[in-house]
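# make a model of this:
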Amino acid sequence: MDTDRSVIAAPPGAGTPPRTRRPEDRAPEIARAALELFVTRGFAATKLEDVAKAASVSKGLPYLYFKNKEDLFKAVITEAIGGPLAEATDMIDRFEGSSEDLLRELAGGFRAFEESPGGGVVKLILAEAGNFPDVARFFCAHFDRRGRELFARALRRGVERGEFRPIADIETTAVILVQPLAMFAVWKRSLAPYDPGTAIGSDQFYAAYLDLIFQGLRP
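The predicted model follows:
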């Protein structure tokens, strides 16, 4: 009897095969695990095998997504900063209050990021910029400029509405607003633990920061 060998019957009782997790679904988990290890142990001291163990994946799986540790570093930056930047952009797009309140919201968003586990990535990027210039360029092109532009948008908005005095160079002023926030985040994770005599808490810092910038921006 002729049979069609191109068709193989499923065994009795077989249903739809169980869904398997696609490999690409694991990349964010690996990046999150790497973020925690990079921040707590240091970039140089962390091996990809350590990241795989922390992410509860097989030792070779990170290599399916990332060519090397430098490539993983870029994914860690994206994982830590991409979400907060997108949220801040959306907030500005729909914000209806005063421009002072908008800057307060931006500073508050930066504080929330800085106090999260992802906040340690700022110190990590600065520490490794000389060793991994391609990563530093990646951060500047895709994240640092976007962050400064959020503050520049708030400044332009305030000037156009007459809430802030005229500003000759908004882009440079945006840098002046952003850098103290970044440096405070780095200081808290580097020198502050060794200088108990300088007891500056986040509440004190942000209150003084906002008071200073608004004294300079108001008409």
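
# give the contact list for the residue sitting nearest the centre point of the chain.
Nearest residue to the geometric centre of the chain (Cα atoms, centre = their mean): residue 81, 1.4 Å. Contacts of residue 81 were listed using Cβ atoms under 8 Å, 6 or more residues apart in numbering, and they are 113, 118, 121, 143, 147. C-beta: built from backbone N, CA, C; applies to glycine.

# please apply the same query to residue 76.
31, 34, 35, 38, 121.

# that one: which element?
Assigned by DSSP states H and E, residue 76 falls within helix 69-94.

# how far off centre is that helix?
Counting by Cα atoms, centre = their mean, to the nearest Å, helix 69-94 is centred 4 Å from the centre of its parent chain.

# pLDDT of that helix, averaged?
For helix 69-94, mean pLDDT is 94.

# same for the helix or strand just after it, what does it pack against?
Per DSSP H and E, the first helix or strand lying C-terminal to helix 69-94 is helix 99-114. Helices and strands touching helix 99-114, by 3 or more Cβ pairs under 8 Å, 6 or more residues apart in numbering; DSSP states H and E, are helix 69-94, helix 145-160, helix 170-189, helix 202-217.

# residue 102 is nearest to which of those?
helix 145-160 (4.8 Å; Cβ to Cβ).

# elements contacting that closest one?
If you count contacts as 3+ Cβ pairs under 8 Å, 6+ apart, helix 145-160 packs onto helix 69-94, helix 99-114, helix 170-189.

# next, count neighbours for residue 41.
Look at residue 41: counted by other Cβ atoms under 10 Å, it has 12 neighbours.

# how about residue 141?
Count around residue 141 with other Cβ under 10 Å applied: 10.

# check the one 3 residues further on too.
Neighbourhood size, residue 144 [other Cβ under 10 Å]: 18.

# relative to residue 160, how far out is it?
25 Å (Cβ to Cβ, to the nearest Å).

# still on that earlier bit, now distance to residue 45 too, for the helices and strands packed on helix 99-114, in JSON lines please.
Compiled in JSON lines, the helices and strands packed on helix 99-114 are given as follows (distance: least, Cβ to Cβ, whole Å):
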{"stretch": "helix 69-94", "distance to residue 45": "11"}
{"stretch": "helix 145-160", "distance to residue 45": "28"}
{"stretch": "helix 170-189", "distance to residue 45": "16"}
{"stretch": "helix 202-217", "distance to residue 45": "28"}
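
# of those helices, which is nearest residue 138?
helix 69-94 (5.2 Å).

# against residue 118, how distant is residue 110?
12 Å.

# same question but for residue 196, I mixed them up
26 Å.

# any low-confidence regions in the protein?
Applying pLDDT under 70 to the chain flags residues 1-25.

# kindly recompute the last result at 80.
1-25, 196-199 (pLDDT under 80).

# residue 70 reaches residue 136, doesn't it?
No. Using Cβ atoms under 8 Å, residue 70 makes no contact with residue 136, being 10.9 Å away.
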